[in-house]
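J.: The following comprises the amino acid sequence and a computationally predicted model.
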Amino acid sequence: MTKKQDFRTILNKVINTEDESHNTSSNDSFDQVMARARLGRRGFLKGSSSLAAAAMLGTSLAFVADSAKQTGKTAQAATNLRLSFNPVAKSIADTLTVPEGYTARVLLATGDPLKSNVTPYKNDGTDNDFEVRAGDHHDAMHYFGMNRAGNGWDASGSDRALLAINHEVCEDLGFVHPNGPTNYGSESTEARPAIEIDKEVAAHGVTIVEVVKQGSTYQINRDSRYNRRVTATTPCQISGPARRSPLLATAFSPSGERTRGTLNNCANGYTPWGTYLTCEENWAGYFNRREDDAVRTAQEVAAFKRYGIGNETSGRYNWSRADAAGNTDLYQRWDVSKTGSRPQQDFRNAANTFGWVVEIDPFNASATPQKRTAIGRFAHEGCWPAAAVAGQPLVFYSGDDARNEYTYKFVSAARWDPRDANRGMAAGDKYLDAGTLYAAKFNDDGTGEWLPLTLDNPAIANYADYAFADQADVLINARIAADAAGATKMDRPEWGGVNPVNGDVYLTLTNNVSSSSGRGVKTPLNAANPRYYADAKGETINKGNVNGHVIRWREAEGNHAATSFNWDVYLFGAKASAEADVNLSGLTDENDFSSPDGLWFSEAVPGLLWVQTDDGYYTDTTNCMMLAALPGTVGDGEAKMVTNKAVPINSDADQQVKTYMGQAASPTVLSRFLVGPRDCEITGITESPDGTVIFVNVQHPGENSGSATDPTQFTSHWPDGGNARPRSATVVITRNDGGKIAI
């Protein structure tokens, strides 16, 4: 017998793994690093130190000089940029607001058909064919220009292009179902209608769709042979060092060479050979596991706990309990309990086949997506490339989006040969299946180290808490390997990007607050979180880093494959009205923000940075937003002593905390460009090659609605208006005079 659950109860029970900490290692957290930082290091970063100080930084004075040379011409070009739009005001209206002189138009919303013979989306929950419709929860995306023949990739192609769009989840409230979801959530042990599960599974993954330029904007070409979906059922190959590992053996692929589907596709990346990298983020919450830990090995239990898979959960959607006849392995694969005598007889290892970077060739539908295991397994928040340089290794940066997790980079073993630029997935085999995965350690003095996650690292080979069987085990359990190596815990690493002007790497740290207790409760204030938080009642408490910040670093000698770097904090999120010891970046009403998430550097306009938010602590004042920025360079700021007033949860005395940050952010270098509709997250951005068109995703408007079916309880009706159910969507933004966006 099925039953409907109260939707507010459903939302409260959804697994939010990014908000919970599964890192119990004794590694330093970033706040501990910042708290130990010394005020004098500004001089070190600017190259004014002595030879002894330079040696302490793990570099040389030559590095500083080389960096200055490297950034000279491009930095000058960047300083000539000026933001040319009037800042958008904060808003809680249920609309998408862009600056005066700009136009935003919906291009592709949840459920929209990808083919001309597919019926328009009814948006009442009755459409069940998401295999030929745009998925849900639009997230990261990338523009792949097409050549004039329309049969391949051309980075400069502007007349036609393929958009690759991630779809992170299926709406938690169940707007895609006629009456909302049945027996939904991690606590339910009842059967679910297979038709609901099939729809939710298909709404995950990636959309590939062709767009054609018409006038100054783009339209969907629904007759394109390239339009297709990659979903949570699409067959995928497992490639790289973990291929054929016993830890990946399942009843579907006893040899550990294949799996089915990609899911929780959040941030992304791309390659210099024109393929798409989609990244599996909060995959751990999808699996059913109801068993005593005693039936599993100590290694298995340690891995489950480190990745947040408990032993009393049915998974976010309860997908393993379909009411289909025989409940086939299409559904059973979501159950990672031990049910057979051998791994080849059940799906105990199925979770190990998720959490990877997945390479997709948007121009070749017959090319099987490849899960590139050399880049490691965690809550993958993107895979952002540094510029490809002939004769040098390729470098990709990643964040692990969960509380107190790490920052990673992958350095290919093969060196880049520009002749590989049109080799498609074969180039991926060459560059992405062999190399070294590193985790970052941020030192007290403003320097950092990249720690190799290999068995050649004694800290990993001799780790007392987990005995790695081989390098495949290291990559499958990259979080544990990073624990062993001594990486620095961070405040939920999110999106990253490399500044094309000077090579500096930026990474958003969205916040570090649990939905339940909060990291900062009963802990002293510190340099990385030097601000207290006042709740709605005005009570002053320390709930940790609720507004987030953006960190950046410069690799030694400007070499992205280097194993050392210098770092500082670019921006702190805050309300403009907050005191100076909270609003550390000097934000104003034109640019204040909270919880930075998406981050992306324009290639058409080098030096232009976009920052997007996914916030829960400023939404009484404004919906989530996107800001345009003209950032400086690592080391352009100053050290600061922040004074916090006495807070009851910490002590009766004021606390002083040392911190270090970049230059203050005036509206001339940071300005609000867009505000989204109610309850949304602004995420995902890409552009036309000439910079005159940008594509932006609006995710989960109305996610705090009280019902999936009663319009009076919807908090948003965007983008359709009226009494419509809200939908995620990709929008196209153009400047009315045809000029480049933002400058």
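T.: Nice, I can see it. Numbering: from 1, shown residues only.

J.: remind me which residues of the stretch 401-550 of the chain are low pLDDT?
T.: For the stretch 401-550 of the chain, residues meeting the criterion pLDDT under 70 lie at 514-544.

J.: And the helices in it?
T.: For the stretch 401-550 of the chain, helices defined by DSSP state H, counting those that start in this stretch occupy the ranges 425-432, 458-461, 471-476, 478-485.

J.: Show residues contacting the last one.
T.: Right, helix 478-485. Residues from elsewhere that reach helix 478-485, judged by CB atoms under 8 Å, 6 or more residues apart in numbering: 22-23, 25, 27, 302-303, 306-307, 376-378, 400, 405-406, 408, 437, 439, 441, 451-453, 457, 459-460, 463, 465-466, 468, 474-475. Placement of C-beta: from N, CA and C, glycine included.

J.: just how off-centre is that helix within its chain?
T.: Mean C-alpha position of helix 478-485 versus that of the full chain (CA atoms, centre = their mean, to the nearest Å) differs by 20 Å.

J.: Against residue 320, how distant is the residue lying closest to residue 608 once chain neighbours are set aside?
T.: Closest residue in space to residue 608, ignoring its immediate chain neighbours: residue 602 at 4.2 Å, by CB to CB, 6 or more residues apart in numbering. To residue 320, residue 602 is 43 Å away according to CB to CB, to the nearest Å.

J.: and the residue nearest to residue 608, how many residues sit next to it?
T.: 22 (other CB atoms under 10 Å).

J.: who touches it in this structure?
T.: 608-610, 687, 691.

J.: so of the residues you listed, which ones are in strands?
T.: 609-610, 687 (DSSP state E).

J.: so which of those residues would you say is closest to residue 424?
T.: residue 687 (23.1 Å; CB to CB).

J.: How about the contacts made by the closest residue to the closest one other than its chain neighbours?
T.: For residue 687, ignoring the flanking residues on the chain, the nearest one in space by CB to CB, 6+ apart is residue 694 at 4.8 Å. The neighbours of residue 694, taking CB under 8 Å, 6+ apart as the test, are 685-688, 732-733, 741.

J.: Could you export those residues as a markdown table, including pLDDT?
T.: Putting these into a markdown table (pLDDT from 0 to 100) gives the following:
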| residue | pLDDT |
| --- | --- |
| 685 | 98 |
| 686 | 98 |
| 687 | 98 |
| 688 | 98 |
| 732 | 98 |
| 733 | 98 |
| 741 | 98 |
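
J.: can you tell me which of the contacts of helix 478-485 are in strands?
T.: When the contacts of helix 478-485 are checked against strands (DSSP E), the matches are 400, 405, 408, 437, 439, 441, 451-452.

J.: Tell me how many other residues surround the spatially closest residue to residue 305 that is not a sequence neighbour.
T.: Leaving aside its sequence neighbours, residue 305 sits nearest to residue 22 (CB to CB, 6+ apart; 6.6 Å). As a burial measure, residue 22 scores 18 neighbours (other CB under 10 Å).

J.: distance of residue 22 from residue 499?
T.: Residue 22 is 32 Å from residue 499, by CB to CB.

J.: Same question for residue 569.
T.: 15 Å.

J.: ok, now residue 621?
T.: 30 Å.

J.: Tell me the confidence at the most centrally placed residue in the chain?
T.: For the chain, the residue whose C-alpha lies nearest the mean C-alpha position (CA atoms, centre = their mean) is residue 381; its distance is 3.3 Å. Per-residue confidence for residue 381 comes out at a pLDDT of 93.

J.: Looks to me like it is in a strand.
T.: Yes: assigned with DSSP: H, G, I helix; E, B strand; the rest coil, residue 381 falls within a strand.

J.: all helices for this protein, in order.
T.: Counting by DSSP state H, one finds helices in the chain at the ranges 7-13, 30-36, 41-45, 51-56, 61-79, 194-203, 298-307, 329-332, 425-432, 458-461, 471-476, 478-485.

J.: List the buried residues of stretch 133-141.
T.: 133-141 (16 or more other CB atoms under 10 Å).

J.: sorry, back to before: just the buried members of the ones in strands among the contacts of residue 602?
T.: 609-610, 687.

J.: Looking at those residues, which is nearest residue 594?
T.: Of these, the one sitting nearest to residue 594 (CB to CB) turns out to be residue 610, at 16.4 Å.

J.: Double-check residue 441 against residue 448; I have them as touching.
T.: Yes: the criterion here is CB atoms under 8 Å, and residue 441 meets it with residue 448 at 6.1 Å.

J.: These two: who's more crowded?
T.: Set residue 441 next to residue 448 and count neighbours by other CB under 10 Å: residue 448 wins out with 24 against 21.

J.: Mean confidence (pLDDT) on stretch 622-634, please.
T.: 97.

J.: circling back: let's have the contacts of residue 694 in TSV, adding distance to residue 118.
T.: Converted to TSV, those look like this (distance: CB to CB, whole Å):
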residue	distance to residue 118
685	27
686	24
687	28
688	26
732	21
733	26
741	32
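
J.: Span of stretch 698-705 from start to end?
T.: Stretch 698-705 has an end-to-end distance of 16 Å (CA to CA, to the nearest Å).

J.: contacts for it?
T.: In contact with stretch 698-705 (CB under 8 Å, 6+ apart) are residues 7, 94, 96, 137-139, 168, 171-173, 175, 676-684, 713-719, 725-731.

J.: Apply 7 Å and report the result again.
T.: Stretch 698-705 is contacted from outside by 96, 137-139, 171-173, 676-683, 713-716, 718, 726, 728-729, 731, using CB atoms under 7 Å, 6 or more residues apart in numbering.

J.: now that stretch: how far from the chain's centre is it?
T.: The answer for stretch 698-705 is 18 Å, by CA atoms, centre = their mean.

J.: thinking again about what came up before, worst average pLDDT in the helices of the chain?
T.: helix 51-56 - the lowest mean pLDDT of the helices of the chain, at a mean of 30.

J.: which of residue 569 and residue 499 has more neighbours?
T.: More crowded of residue 569 and residue 499, by other CB under 10 Å: residue 499, with 24 against 21.

J.: Check the gap between the nearest residue to the more buried one once chain neighbours are set aside and residue 495 for me.
T.: Of all residues not flanking residue 499 in the chain, residue 601 sits nearest, at 5.7 Å (CB to CB, 6+ apart). Distance of residue 601 to residue 495, computed by CB to CB: 11 Å.

J.: And for residue 253?
T.: 32 Å.

J.: higher neighbour count, the two?
T.: residue 495 (30 against 21).

J.: List the contacts of the nearest residue to residue 399 once chain neighbours are set aside.
T.: Leaving aside its sequence neighbours, residue 399 sits nearest to residue 493 (CB to CB, 6+ apart; 2.9 Å). By CB under 7 Å, 6+ apart, the residues touching residue 493 are 381, 399-401, 405, 407, 507, 509.

J.: Over to residue 326?
T.: Applying CB under 7 Å, 6+ apart, no residues qualify as near residue 326.

J.: Confirm for me that residue 715 is in contact with residue 679.
T.: Yes: if you go by CB atoms under 7 Å, residue 715 and residue 679 touch, sitting 5.2 Å apart.

J.: So between the two, which is more surrounded?
T.: residue 679 (22 against 16).

J.: so where do the strands sit in the stretch 201-350 of the chain?
T.: Under the criterion DSSP state E, counting those that start in this stretch, the stretch 201-350 of the chain contains strands at 205-214, 217-220, 228-230, 235-239, 258-260, 265-270, 276-280, 289-290, 312-313.

J.: Next one: the residue nearest to residue 687 from residue 239, what distance?
T.: Distance from residue 694 to residue 239, by CB to CB: 33 Å.

J.: Could you report the neighbour count for residue 597?
T.: Quick note: residue 597 (other CB under 10 Å) scores 25 neighbours.

J.: meant to ask about residue 498, not that
T.: Neighbour tally, residue 498, other CB under 10 Å: 20.

J.: That one and residue 660, how far apart?
T.: 22 Å.

J.: so where is the stretch 1-150 of the chain shaky, pLDDT-wise?
T.: 1-19, 29-79.

J.: Need the distance between the two termini of stretch 370-377.
T.: Using CA to CA, the two ends of stretch 370-377 sit 14 Å apart.
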